[in-house]
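1. Pasting a predicted model and its sequence here:
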Amino acid sequence: MTHFLRDQDVQIWLAARPWLDVRSNDEHTLISYRLGQALLRIHPEADASVVLPAILMHDVGWKKFPPEQLAAAVGPNPRYPELQRAHEIEGVKIAAEAFARLAIPGLQTEAILAIIDGHDTRKKAISHEDALMKDADKLWRFTGHGVTTIGGWFDTPPKETLAMLESFVLPSMLTDAGTAMAQALIAEGTASAFMADLLHIEVSP
Ligand SMILES: [Fe+2]
Ligand SMILES: [Fe+2]
């Protein structure tokens, strides 16, 4: 367990987890946490103690809304687009309460809350840490877990989901490292999606 999360992040994860058992947010959060660590290895000058707690807490606000509305809150034609902003606002409240209760010495609560507040709706980063958090969040979408989960929300097969991500999400990556990782994940996902077709392709003489 502690080999997965940094020791100082375990209590933050335990505070976030009860809020994350909707729309696979718990699994999304853990995958983004590791992707965030991968980005931090390329950007060691960024403050991991801001980026990683922000990743753990960023999506806690979703649980405040009816489950049936959640899948329809995102994507190309959302029915409840207002939930994008609303889950950020609720997330800041929940995270602020949790941080006050945990009272972790030296935790940069203000910087972390500022990142959570706007992690989806604010397209530009307010800090290097914000950029890495946003890229770790988005990178999950390109993973096998992300493609399967998002395909389930929109009822789209992997090829279509990956094409949508490549067109609409890839251009919004904020760091070169995040862009490169996303391209690698798209390459792997696309190869996997076309594997069966190509292994059995027949060329007529
Ligand atoms: Fe979010
Ligand atoms: Fe997220």
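-> Alright, I've got the coordinates. Ligands and ions are numbered 1, 2, ... in the order given.
2. what about the longest helix in the protein?
-> With DSSP state H applied, the helix covering the greatest number of residues in the chain is identified as helix 176-199.
3. Run the chain-centre distance for that helix.
-> Between the centre of helix 176-199 and the centre of its host chain there is 18 Å, according to CA atoms, centre = their mean, to the nearest Å.
4. buried stuff in that helix?
-> Neighbour counts using 16 or more other CB atoms under 10 Å place 177-179, 181-182, 185-186, 189-190, 193 of helix 176-199 among the buried residues. The way it works is simple: take the backbone N, C-alpha and C, and place the C-beta from them, glycine included.
5. One more: stretch 81-97?
-> Applying a neighbour-count criterion of 16+ other CB under 10 Å, one finds 83, 86-88, 90-92, 94-96 buried in stretch 81-97.
6. Regarding the closest residue in space to residue 22 that isn't next to it in sequence, what is its secondary structure?
-> With CB to CB, 6 or more residues apart in numbering as the criterion, residue 22 has its nearest non-adjacent residue at 5.0 Å, and that residue is residue 63. Under DSSP: H, G, I helix; E, B strand; the rest coil, residue 63 falls in the helix class.
7. Pull the contacting residues for residue 63.
-> Remark: with contacts taken as CB atoms under 8 Å, 6 or more residues apart in numbering, residue 63 is in contact with 19-22, 25.
8. tell me the contacts of residue 121?
-> The contact partners of residue 121, taken as CB under 8 Å, 6+ apart, are 84-85, 88.
9. let's go with 6 Å and repeat that
-> Residue 121 makes contact with 84-85, according to CB atoms under 6 Å, 6 or more residues apart in numbering.
10. pLDDT score assigned to it?
-> Confidence per residue is given as pLDDT, and for residue 121 that number is 95.
11. by contact count, what packs against the longest helix of the chain?
-> With contacts taken as 3 or more CB pairs under 6 Å, 6 or more residues apart in numbering; DSSP states H and E, helix 176-199 sits against helix 128-142, helix 158-168.
12. For these, give me a markdown table that also has mean neighbour count and mean pLDDT.
-> As requested, these are exported to a markdown table (neighbours: other CB atoms under 10 Å; pLDDT from 0 to 100):
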| stretch | mean neighbour count | mean pLDDT |
| --- | --- | --- |
| helix 128-142 | 25 | 98 |
| helix 158-168 | 17 | 97 |
